[in-house]
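Student: next one to model:
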Amino acid sequence: MAMSLGSGEGPMIEINTTPLIDVMLVLLVTLIVTLPIMTHTTKIDLPQRQHQPPKTPPQVINLAIEFDGTITWNGTVVPNMQVLDGYFQSEAQKNPQPEIHLSPDGMAKYSIVAKVLAAAQRNHMTKIGFVNTSEFSQ
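Tutor: Presented below is the predicted three-dimensional model:
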């Protein structure tokens, strides 16, 4: 192995390419090792799409809970929880089942919201979502 000491006129300006070659070799080996793994495929027989009539969107029921515990069903005040249970029972029988958009006030008691959710679950309502539109009412 020969070593150049230079001509004595200043520092040598040569880039040491050994680390660059080491990195390239590591990347090349990594690519070679992982490439066969990436080529493995799984054959899946997917069902063919059948033309179905467009589904009608489900009915939306806006259920609001005010800060004082007042529950409104599509704008109509619900007098008590028994009436709300009756509403849930009649709506659970429909096909497709309506969506409940629950919109509790920020100051509403959690216990009332929990009772409404429990009544919906007890009456087999499956499509329930929380809606927050208070930020858009300004």
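
Student: sheet partners, orientation included, of the strand or helix carrying H101?
Tutor: For H101, the enclosing helix or strand under DSSP states H and E is strand 99-104. In the sheet, strand 99-104 lines up against strand 60-65 (parallel), strand 128-130 (parallel) (DSSP bridges).

Student: immediately after the longest one, which helix or strand?
Tutor: The C-terminal neighbour of strand 60-65 among helices and strands, as given by DSSP H and E, is strand 71-73.

Student: and that following strand, what's its mean pLDDT?
Tutor: Confidence over strand 71-73, taken as the mean pLDDT, stands at 94.

Student: what of stretch 125-137?
Tutor: 77.

Student: and the helix or strand encompassing V83, what does it pack onto?
Tutor: If you go by DSSP H and E, V83 is part of helix 81-92. Contacts defined by 3 or more C-beta pairs under 8 Å, 6 or more residues apart in numbering; DSSP states H and E place helix 81-92 against strand 71-73, helix 110-122. The way it works is simple: take the backbone N, C-alpha and C, and place the C-beta from them, glycine included.

Student: following the first one, which helix or strand comes up?
Tutor: Stepping forward along the backbone from strand 71-73, the first helix or strand reached (DSSP H and E) is strand 76-78.

Student: so what touches that following strand?
Tutor: T70, I71, T72, L84, Y87 (C-beta atoms under 8 Å, 6 or more residues apart in numbering).

Student: so which strand or helix has V26?
Tutor: helix 18-38.

Student: dump that helix to CSV, keeping only the CA atoms.
Tutor: Provided in CSV are the C-alpha atoms of helix 18-38 (Å, rounded to 0.1, in the frame of the first residue of the first chain):
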residue,chain,number,x,y,z
THR,A,18,-14.2,4.6,1.6
PRO,A,19,-17.2,5.5,3.9
LEU,A,20,-19.3,6.3,0.8
ILE,A,21,-18.5,3.0,-0.7
ASP,A,22,-19.3,1.2,2.6
VAL,A,23,-22.7,2.9,2.8
MET,A,24,-23.5,2.0,-0.8
LEU,A,25,-22.6,-1.6,-0.2
VAL,A,26,-24.9,-1.8,2.8
LEU,A,27,-27.8,-0.3,0.9
LEU,A,28,-27.2,-2.7,-2.0
VAL,A,29,-27.1,-5.7,0.3
THR,A,30,-30.3,-4.4,2.0
LEU,A,31,-32.0,-4.1,-1.3
ILE,A,32,-31.0,-7.5,-2.4
VAL,A,33,-32.2,-9.1,0.8
THR,A,34,-35.6,-7.3,0.8
LEU,A,35,-36.4,-7.5,-2.8
PRO,A,36,-37.6,-11.2,-2.9
ILE,A,37,-39.8,-10.5,0.1
MET,A,38,-41.6,-7.6,-1.8
